[in-house]
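# Sequence and predicted structure, then a few things I'm wondering about:
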Amino acid sequence: MNESYVECLVGRKTSPLVKFLKILILVVAAFFVVDGLFAQNTVVFFLAVLVATAAYFLYPLLDVEYEYLYLDKEISIDKIMGKQRRKKVAAYDINKMEFLTEESSHELDSYKARKVKLYDYGSNDPANKSYIMVYHDDKEECLVKFEPNEEMLECIKNVAPRKVK
(Lines give C-alpha, C1' and ligand atoms only; values in the text may rest on other atoms or scores of the structure.)
Protein backbone atom coordinates (compact mmCIF):
# COMPACT_ATOMS: atom_id res chain seq x y z
CA MET A 1 0.00 0.00 0.00
CA ASN A 2 1.34 3.44 -0.94
CA GLU A 3 1.00 5.76 2.06
CA SER A 4 2.10 9.38 2.19
CA TYR A 5 2.79 11.44 5.29
CA VAL A 6 3.24 15.21 5.30
CA GLU A 7 3.16 17.75 8.13
CA CYS A 8 2.78 21.50 7.80
CA LEU A 9 2.75 24.05 10.64
CA VAL A 10 1.24 27.52 10.12
CA GLY A 11 1.21 30.26 12.74
CA ARG A 12 -1.82 32.54 12.80
CA LYS A 13 -1.01 36.21 12.40
CA THR A 14 -1.96 38.19 15.51
CA SER A 15 -4.73 40.67 14.80
CA PRO A 16 -4.59 44.26 16.11
CA LEU A 17 -7.54 43.51 18.41
CA VAL A 18 -5.65 40.65 20.07
CA LYS A 19 -2.56 42.83 20.48
CA PHE A 20 -4.71 45.53 22.10
CA LEU A 21 -6.32 42.94 24.39
CA LYS A 22 -2.90 41.69 25.54
CA ILE A 23 -1.76 45.23 26.37
CA LEU A 24 -5.04 46.03 28.11
CA ILE A 25 -4.77 42.96 30.36
CA LEU A 26 -1.22 43.91 31.36
CA VAL A 27 -2.15 47.54 32.06
CA VAL A 28 -5.18 46.58 34.16
CA ALA A 29 -3.15 44.03 36.13
CA ALA A 30 -0.35 46.55 36.76
CA PHE A 31 -2.86 49.21 37.82
CA PHE A 32 -4.48 46.90 40.36
CA VAL A 33 -1.11 45.75 41.75
CA VAL A 34 0.18 49.32 42.19
CA ASP A 35 -3.14 50.55 43.60
CA GLY A 36 -3.39 47.56 45.95
CA LEU A 37 0.12 48.08 47.30
CA PHE A 38 -0.16 51.82 47.87
CA ALA A 39 -3.72 51.88 49.19
CA GLN A 40 -3.12 48.75 51.26
CA ASN A 41 -6.63 47.66 50.36
CA THR A 42 -7.13 43.88 50.40
CA VAL A 43 -10.05 44.00 47.96
CA VAL A 44 -7.99 45.84 45.32
CA PHE A 45 -5.01 43.54 45.92
CA PHE A 46 -7.33 40.51 45.54
CA LEU A 47 -8.54 41.97 42.22
CA ALA A 48 -4.91 42.37 41.14
CA VAL A 49 -4.21 38.70 41.88
CA LEU A 50 -7.40 37.72 40.04
CA VAL A 51 -6.53 39.77 36.91
CA ALA A 52 -2.93 38.48 36.93
CA THR A 53 -4.17 34.90 37.15
CA ALA A 54 -6.63 35.50 34.29
CA ALA A 55 -3.80 36.98 32.20
CA TYR A 56 -1.63 33.94 32.91
CA PHE A 57 -4.30 31.63 31.54
CA LEU A 58 -5.52 33.86 28.69
CA TYR A 59 -2.17 34.73 27.11
CA PRO A 60 -1.51 31.22 25.70
CA LEU A 61 -5.00 31.09 24.19
CA LEU A 62 -4.28 34.22 22.14
CA ASP A 63 -1.23 32.67 20.41
CA VAL A 64 -2.59 30.15 17.86
CA GLU A 65 -0.92 27.87 15.33
CA TYR A 66 -2.43 25.23 13.05
CA GLU A 67 -0.80 21.95 12.12
CA TYR A 68 -1.95 20.18 8.97
CA LEU A 69 -1.24 16.48 8.75
CA TYR A 70 -1.79 14.48 5.58
CA LEU A 71 -1.80 10.72 6.04
CA ASP A 72 -3.34 8.11 3.78
CA LYS A 73 -6.05 10.18 2.03
CA GLU A 74 -6.96 12.16 5.13
CA ILE A 75 -6.15 15.72 6.22
CA SER A 76 -6.16 16.28 9.98
CA ILE A 77 -6.04 19.78 11.41
CA ASP A 78 -4.84 20.47 14.94
CA LYS A 79 -4.99 23.80 16.77
CA ILE A 80 -1.96 24.56 18.97
CA MET A 81 -2.48 27.26 21.59
CA GLY A 82 0.50 28.97 23.16
CA LYS A 83 2.85 26.24 21.93
CA GLN A 84 1.59 24.17 24.88
CA ARG A 85 -1.84 22.74 24.28
CA ARG A 86 -2.98 20.83 21.23
CA LYS A 87 -6.57 20.22 20.19
CA LYS A 88 -7.73 18.19 17.21
CA VAL A 89 -10.06 20.46 15.26
CA ALA A 90 -11.11 18.42 12.24
CA ALA A 91 -10.34 15.53 9.92
CA TYR A 92 -11.23 15.57 6.23
CA ASP A 93 -11.34 12.58 3.89
CA ILE A 94 -9.96 13.34 0.42
CA ASN A 95 -12.56 11.06 -1.17
CA LYS A 96 -15.34 13.37 0.11
CA MET A 97 -13.62 16.51 -1.16
CA GLU A 98 -15.31 18.05 -4.20
CA PHE A 99 -12.29 20.13 -5.23
CA LEU A 100 -9.34 22.14 -3.90
CA THR A 101 -8.43 25.51 -5.38
CA GLU A 102 -6.73 28.79 -4.56
CA GLU A 103 -8.69 31.26 -2.45
CA SER A 104 -8.90 33.78 -5.31
CA SER A 105 -10.45 31.30 -7.75
CA HIS A 106 -13.79 32.15 -9.38
CA GLU A 107 -14.94 28.55 -8.98
CA LEU A 108 -15.81 29.43 -5.38
CA ASP A 109 -18.19 32.26 -6.28
CA SER A 110 -21.30 30.08 -6.24
CA TYR A 111 -20.42 28.70 -2.81
CA LYS A 112 -19.77 32.17 -1.40
CA ALA A 113 -23.05 33.42 -2.87
CA ARG A 114 -24.93 30.60 -1.12
CA LYS A 115 -23.11 31.49 2.10
CA VAL A 116 -21.76 27.98 2.66
CA LYS A 117 -20.06 27.74 6.06
CA LEU A 118 -16.34 28.57 5.95
CA TYR A 119 -13.86 27.06 8.41
CA ASP A 120 -10.75 29.23 8.53
CA TYR A 121 -7.57 27.38 9.55
CA GLY A 122 -5.21 29.82 7.85
CA SER A 123 -2.65 32.31 9.10
CA ASN A 124 -4.54 35.41 7.89
CA ASP A 125 -1.27 36.59 6.38
CA PRO A 126 -1.68 37.95 2.82
CA ALA A 127 1.90 36.90 2.00
CA ASN A 128 0.97 33.21 2.35
CA LYS A 129 -0.92 31.38 -0.38
CA SER A 130 -4.30 30.13 0.87
CA TYR A 131 -6.33 27.29 -0.57
CA ILE A 132 -9.99 26.46 -0.10
CA MET A 133 -11.31 22.92 -0.09
CA VAL A 134 -14.97 22.34 -0.94
CA TYR A 135 -15.99 19.43 1.24
CA HIS A 136 -19.18 17.34 1.32
CA ASP A 137 -19.94 14.73 3.93
CA ASP A 138 -23.12 13.21 5.35
CA LYS A 139 -23.71 16.14 7.70
CA GLU A 140 -22.87 19.29 5.80
CA GLU A 141 -21.32 21.05 2.87
CA CYS A 142 -18.52 23.42 3.87
CA LEU A 143 -15.50 25.38 2.71
CA VAL A 144 -12.19 24.78 4.47
CA LYS A 145 -9.49 27.45 4.21
CA PHE A 146 -5.94 26.32 4.92
CA GLU A 147 -2.37 26.87 3.72
CA PRO A 148 -0.71 23.60 2.72
CA ASN A 149 2.89 23.48 1.59
CA GLU A 150 3.94 22.27 -1.87
CA GLU A 151 4.68 18.74 -0.65
CA MET A 152 1.18 18.36 0.80
CA LEU A 153 -0.40 19.72 -2.37
CA GLU A 154 1.59 17.23 -4.41
CA CYS A 155 0.38 14.33 -2.23
CA ILE A 156 -3.23 15.44 -2.56
CA LYS A 157 -2.77 15.86 -6.31
CA ASN A 158 -1.36 12.32 -6.57
CA VAL A 159 -4.42 10.87 -4.84
CA ALA A 160 -7.08 13.04 -6.52
CA PRO A 161 -5.57 14.70 -9.60
CA ARG A 162 -8.89 15.97 -11.03
CA LYS A 163 -9.96 17.55 -7.76
CA VAL A 164 -6.93 19.86 -7.36
CA LYS A 165 -7.15 22.95 -9.56
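Sure thing, it's come through. Numbering: from 1, shown residues only.
# any chance you could map the strands in the protein?
Along the chain, the segments classed as strands by DSSP state E run 5-11, 64-71, 74-81, 85-93, 97-102, 117-120, 131-136, 141-146.
# Correct me if wrong: Y111 contacts C142.
No. Under the contact definition of C-beta atoms under 8 Å, Y111 does not touch C142, with a separation of 9.2 Å. For the C-beta atoms, the positions are set from N, CA and C on the backbone; glycine is no exception.
# Local confidence estimate at the residue nearest the centre of the chain?
The central residue of the chain, meaning the one whose C-alpha is nearest the mean C-alpha position (C-alpha atoms, centre = their mean), is Y121 at 3.9 Å. Here, the pLDDT recorded for Y121 equals 93.
# For N41, which non-adjacent residue is closest in space?
Sequence neighbours aside, D35 is the residue nearest to N41 in space, at 7.6 Å (criterion: C-beta to C-beta, 6 or more residues apart in numbering).
# likewise F99?
Nearest in space to F99, with sequence neighbours left out and distances taken as C-beta to C-beta, 6+ apart, is K163 at 4.8 Å.
# number of nearby residues for the one you found?
K163 is surrounded by 17 other residues when neighbours are defined as other C-beta atoms under 10 Å.
# Over to F46?
12.
# List the buried residues for stretch 102-111?
108, 111 (16 or more other C-beta atoms under 10 Å).
# how far does that stretch stretch from start to finish?
Across its full length, stretch 102-111 reaches 14 Å between end residues, using C-alpha to C-alpha, to the nearest Å.
# Give the buried residues for stretch 134-150.
With burial defined by 16+ other C-beta under 10 Å, the residues of stretch 134-150 counted as buried are 134-135, 142-144, 146-148.
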